[in-house]
Every structure is written in structure tokens, then in C-alpha cells.
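Trainee: Show me how the following folds:
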Amino acid sequence: MATSSSSSKGSRLISRMLPVAVKFWLQTQLDEIGDLTFEIQATDRQVLSGNIPGVSLSAQQAVYQGVCITDVTVQASDIQINIGQVLRGKPLRLKQAFPIEGQVAFDGNSLGTSSTESVLADGLLDFWQTLLAKEDVATEVAHHYGPDIAVFQDPQLAQYQSRMEILGTDLVLHLVRQGQSDLELRGWVDVEQGHMLRLTTARWCLPSGDQVQSEALSDFSWNLGKQTDLRSLTIQNDQLTCQCKIMVQP
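Mentor: Purely as a prediction, here's the structure:
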């Protein structure tokens, strides 16, 4: 793991102790992390008051709660820490929430890996449950896939996993049982109001290979929660990239 500390020259506090504490804190937040570079933007006086005005960070091949991230570049601001305890050798702790803004990218392999056991996998199953609970969507699924499809006998999707992949500029969502896709939904994803995702030009991909436009999903949006602030979401060059702002909680 490679790190770079603050550019504030002559600062023993920042250049020696604080980067070690920050690095250790990052390791406690992430399952895995590859190449890591960060810069602490603060003076000694600010740090001694427990205030860090900014931290810029970039990393590759990080894993957060099972989600594999290909590349991340972010800027954090207004960080309040327990500096007194850090100076006594205690772990770094946050005293209040702070914002992070930046870019997170996922390639096809990362999405495939993250879709099995992670917070993303749980979110995808919640997404499918929400879809299939809509009467017009269930009617459409029964029409295209047959009324006896197994999802109707397993409304909690206990026997299912969801898998995500990128095809061209489309996102493809699979609902998988026993290694086979029972349902496959494909479309372009738009961001609305920062916390809503809309799957536009949504199409059901049938076992025959045909793709059928979904009328039931023409106005469907997925609410990620108002704590989420997505600025943009793009798919190109086999990579999903998100520009976003989030609040990190203590």
C-alpha cells in the first residue's frame, strides 16, 4: 500500500503521526485496499484543534462492504477528529459527520464480483422485490416469461441472487436462481434529483434472445435515499462511473 502524506513541509505532527492514524482508520473502514494515495490539507494549528479542513484521496481496487471498486478519487472536507486521543496513541475517531465528493468507477469484473455477497447484492434483491410487488410489472413478467415462473412462488426471493453487468452503454440486471437467469432487465440509467435512479428504455431480455420494451417500467424510479447525492452516472468503455457526494457518519 503506497501512501503520500501532507504537503505541509516541516510539520512533524502532520507528516509523521496523523497520516499513520488516517491510514489505520481507512483500513478499518475498508475490507481491502490496493494502491492508496492521500494528502492532508491542514496546518499544525488546525490539526491541534482537532480540525482538518480537507483530505484528498485516490485508491485502486478497494473493497467496501463487499463492493469492489476499480478506482476512486475523492475530496473530504471539514473533518473533526479526537486529536487529543490520537496524540496519546489511541485510534482516530470522527466527532461529526463530514462530506465527501468525488468519482467512483466500476469495471465489468468489479460489478460482477460485487453482485454476489455485498451491500450492493442486498440492494439489488430489494430492487427486484420492489419491482415484482408492482401489479403491472408482475403482469408483464407473467406475460413474457410465463405465469408459472418461479419468482411468483418465492416473493422474498430467498432462493435468488442478482447479478449486474455492462453491455455497451446499457446496464443489465439478472435475477438468478441455481446459476441461471430467470429474469433479465436491460436499459440505460439516468439520475434524477440526486437520489433517484430511472432505468430508461427498459427492456426484458427473453430466453429466446428477443428484447421486449417494458411498458410497466416506463416511469419507474428507484429511491436511493435522500442521504445520497449522485451528480452523474455514466456507462462507457465497459466502465460504470459515478460522480457523487455522500456524508460519512462517525
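
Trainee: going forward, measure contacts and count neighbours with C-alpha atoms only.
Mentor: OK.

Trainee: What are the boundaries of the helices in the protein?
Mentor: Per DSSP state H, the chain carries helices over the ranges 12, 18-29, 44-48, 83-87, 108-114, 119-132, 135-145.

Trainee: Quickly list the domain ranges of the protein.
Mentor: Dividing the chain into domains by automatic domain parsing, as the record does, gives the ranges 12-96, 111-248.

Trainee: my read: Val72 touches Ala59, true?
Mentor: Yes: the pair Val72 and Ala59 qualifies as a contact (C-alpha atoms under 8 Å) at a distance of 5.4 Å.

Trainee: number of nearby residues for Ser58?
Mentor: Residue crowding around Ser58 was assessed by other C-alpha atoms under 10 Å; the count is 18.

Trainee: which residues does it bridge with?
Mentor: Counting by DSSP bridges, Ser58 is bridged to Thr37, Thr73.

Trainee: Next one: the closest residue to Thr201 other than its chain neighbours relative to Val172, how far apart?
Mentor: Ranked by C-alpha to C-alpha, 6 or more residues apart in numbering and with sequence neighbours excluded, the top spatial neighbour of Thr201 is Gly187, at 5.3 Å. Per C-alpha to C-alpha, to the nearest Å, Gly187 is found 7 Å from Val172.

Trainee: what's the answer for Pro155, then?
Mentor: If you go by C-alpha to C-alpha, the gap between Pro155 and Val172 works out to 21 Å.

Trainee: Which one of these two is surrounded by more residues?
Mentor: Val172 (20 against 13).

Trainee: how much space between the more buried one and Glu184?
Mentor: Val172 sits 7 Å away from Glu184 when distances are taken as C-alpha to C-alpha.

Trainee: same check, this time on Gln178
Mentor: Applying C-alpha to C-alpha to Gln178 and Glu184 gives a distance of 15 Å.

Trainee: Report the contact partners of Asp238.
Mentor: Shown here is Asp238, whose contacts under the criterion C-alpha atoms under 8 Å, 6 or more residues apart in numbering are Asp107, Gly108, Ile166, Leu167, Gly168, Thr169.

Trainee: neighbours around the first one, how many?
Mentor: Other residues within reach of Asp107, judged by other C-alpha under 10 Å, total 20.

Trainee: Would you mind telling me which of the helices of the chain is nearest Gln236?
Mentor: Counting by C-alpha to C-alpha, Gln236 lies closest to helix 108-114 out of the helices of the chain; the figure is 10.9 Å.

Trainee: Excluding its own residues, what touches that closest one? List them.
Mentor: The set of residues external to helix 108-114 that reach it, using C-alpha under 8 Å, 6+ apart, is 66-70, 120-121, 163-166, 238-239.
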